[in-house]
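No sequence on hand, only this structure:
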């Protein structure tokens, strides 16, 4: 693409130079044209005068006719070539003009190239091309996507002032499950975010990537990223969400409710609002309290999948009713990637039928409506942590489920295995 751009630019420069310098190099001046006509008239006069002399010497013309014809020829010559006309004087600036034209032909293309490299936007063009290619790449083609991510990263490192590029790079690393690299990309995004709120969001996303990398553990790196995000914006929703998950896993249900209810207050249209409200309700149940009535999530509805989740008879007496149940959908072409939609319930809700749609999405960039098929998994977590651990109970659908805007027959999903590692 870049080579094509420079070829086209070169052709256009050559065409422009041709229009400018053709008159200088090839157009004859009016003075020169008039001089050519005068020379032709002189040559014709001399030729006719010689013919008259020859005819007079040969006796064809007598002296009176000879003299009369010579006078008529001389008069005609005076009419064609006025006596006041001066000989053509060479124009001293013409050679200089030709020299300038030749130098311009050599210098202008090179100067245009150097100036464009200095002040142009080729880096932005290359970044945009890489981003477009990444958006058009099927997630199953992991090798090609990884190569495009590498190209985008190299171009962003050479021209870092591109928030959209850093955001895409971070989300791409999340899809590739390279969470450390995703966290780094989001930190670079924070540097060029442009506002404190945008910087806080970038740092919150960085904390989320590190949380995924630690498999749900609140490490020092995760805590540090959360603190930086909340120092800029105490209500940064990614940080609040992680704090709520951590508090819930430590059975600090009141703290979890406080964090999650703050998200509902400051971001009622949050794409994960359904899951957040489900977590709030579960925390109230764990405290032995009746959950308050909540409005239907703003982002609910649209394309999704409907599943009927049940527990295998072999485990029915082993799972406490308050065990956390996660039901999540991942893109069929990326079964190990981050979930596109997550619902949170308890074992006491089984068997249950639920629908996963954009109201349960993990982030605005990764929605279930953006893919054609998903793999659905249900997990009963002993610890309440989203990360799988030994002893958890799990089940998955056997085949990819088509994402549809219609509420058709639910797909059966049976939790029929216990994780050993």
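Okay, I see it. Because the structure is predicted, anything quoted here is derived from the model rather than measured.

going forward, measure contacts between C-alpha atoms and count neighbours the same way
Noted.

Show me what the mean pLDDT comes to for the helix or strand where residue 72 lies.
Element membership of residue 72, judged by DSSP states H and E, is helix 63-80. Helix 63-80 comes out with an average pLDDT of 68.

Kindly report the same for stretch 228-239.
The model assigns stretch 228-239 a mean pLDDT of 93.

Pull out the buried positions in it.
Neighbour counts using 16 or more other CA atoms under 10 Å place 228, 229, 230, 232, 233, 235, 236, 237, 238, 239 of stretch 228-239 among the buried residues.

Tell me which entries of these lie within helices.
228, 229, 230, 232, 237, 238, 239 (DSSP state H).

For residue 163, state which of these is nearest.
residue 229 (17.0 Å; CA to CA).

Kindly provide the distance from the closest one to residue 356.
Relative to residue 356, residue 229 is positioned 30 Å away (criterion: CA to CA, to the nearest Å).

same thing with residue 219?
Taken as CA to CA, the span from residue 219 to residue 356 is 30 Å.

If you count surrounding residues, which of those two has more?
Using other CA atoms under 10 Å, the more surrounded residue of residue 219 and residue 356 is residue 356, with 26 against 14.

which SS state does the more buried one fall under?
The assignment at residue 356 comes out as strand when based on DSSP: H, G, I helix; E, B strand; the rest coil.

swap in residue 284?
helix.

Hmm, residue 278 and it touching each other?
No. Counting by CA atoms under 8 Å, residue 284 stays clear of residue 278, with 10.0 Å between them.

ok, and the closest non-adjacent residue to residue 238?
Excluding the flanking residues, the one nearest residue 238 by CA to CA, 6 or more residues apart in numbering is residue 204, at 5.1 Å.

do you know how far that neighbour is from residue 210?
Taking CA to CA, one finds residue 204 at 10 Å from residue 210.

who has more neighbours, the two?
When neighbours are counted by other CA under 10 Å, residue 204 comes out ahead of the other of residue 204 and residue 210, with 31 against 27.

Flag every buried residue along the strand or helix carrying that one.
Residue 204 belongs to helix 196-213 when assigned by DSSP H and E. By neighbour count on 16+ other CA under 10 Å, the buried set for helix 196-213 is 197-213.

how close does the residue nearest to residue 238 get to residue 337?
19 Å.

now do residue 281
As judged by CA to CA, residue 281 and residue 337 stand 27 Å apart.

Out of the two, name the residue with the larger neighbour count.
Each of residue 281 and residue 337 has its neighbours counted (other CA under 10 Å); residue 281 has more, 21 against 17.

contacting residues around that one?
Applying CA atoms under 8 Å, 6 or more residues apart in numbering to residue 281 gives the contacts 291, 292.

The one 4 residues further on now?
The neighbours of residue 285, taking CA under 8 Å, 6+ apart as the test, are residue 291.

and if we set it to 10 Å?
Contacts for residue 285 were tallied using CA atoms under 10 Å, 6 or more residues apart in numbering; they are 253, 279, 291, 322, 346.

How is the chain divided into domains?
Per automatic domain parsing, the structural domains of the chain span 2-82+94-119, 250-299, 304-418.

you'd agree residue 171 is up against residue 366?
Yes. Here residue 171 reaches residue 366: they are 8.5 Å apart, a contact under CA atoms under 10 Å.

After the least confident helix or strand in the chain by mean pLDDT, which helix or strand is next?
Each helix and strand of the chain was given a mean pLDDT (mean pLDDT, DSSP states H and E); the minimum falls on helix 122-135 at a mean of 52. Going down the chain from helix 122-135, the next helix or strand is helix 142-158, by DSSP H and E.

Give me the neighbour count for residue 316.
Neighbours of residue 316 under the rule other CA under 10 Å: 12.

when you give positions from now on, start the count at 51
Understood, numbering begins at 51; the last thing we discussed is residue 366.

so who does it touch?
Contacts for residue 366 were tallied using CA under 10 Å, 6+ apart; they are 360, 397.

Phi and psi next, for it.
When read as degrees, to the nearest 10, the backbone of residue 366 gives phi -60, psi -30.

Tell me how far it lies from residue 466.
10 Å.

Check the contact lists of the two and give me the overlap.
Counting by CA under 10 Å, 6+ apart, the shared contacts of residue 366 and residue 466 are residue 360.

before we move on, which element is residue 445 in?
Going by DSSP H and E, residue 445 is in strand 443-446.

how far is that strand from where the chain is centred?
Mean-position distance between strand 443-446 and its chain equals 37 Å (CA atoms, centre = their mean, to the nearest Å).

so what does that strand touch, helix or strand wise?
Other elements packing on strand 443-446 under the criterion 3 or more CA pairs under 10 Å, 6 or more residues apart in numbering; DSSP states H and E are strand 354-361, strand 374-381, strand 423-431, strand 461-465, strand 467-468.

Who are the packing partners of the third one?
By that I understand strand 423-431. Against strand 423-431 (3+ CA pairs under 10 Å, 6+ apart) you get strand 354-361, strand 374-381, strand 391-396, strand 443-446, strand 451-452, strand 461-465, strand 467-468.

Tabulate the buried residues of stretch 278-289 in TSV, adding columns for distance to residue 439.
Below are the buried residues of stretch 278-289 laid out as TSV (distance: CA to CA, whole Å):
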residue	distance to residue 439
278	29
279	29
280	30
282	34
283	33
285	30
286	29
287	26
288	23
289	23
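
Can you pull out the low-pLDDT segments for the stretch 201-350 of the chain?
For the stretch 201-350 of the chain, the stretches with pLDDT under 70 are 321, 343-350.

please redo it, this time with the cut-off set to 50
For the stretch 201-350 of the chain, applying pLDDT under 50 flags the ranges 345-349.

cool, and the stretch 51-200 of the chain?
51, 80, 133-140, 184-190.

Now with 80, please.
Within the stretch 51-200 of the chain, the ranges that satisfy pLDDT under 80 run 51-196.

what separates residue 332 from residue 201, distance-wise?
44 Å.

The two - which one has more neighbours?
residue 332 (23 against 15).

Next up, the contacts around that one.
Residue 332 makes contact with 298, 303, 307, 326, 338-341, 372, 374, 394-396, according to CA under 10 Å, 6+ apart.

now do residue 449
Taking CA under 10 Å, 6+ apart, one finds 382, 423, 424, 425, 426 in contact with residue 449.
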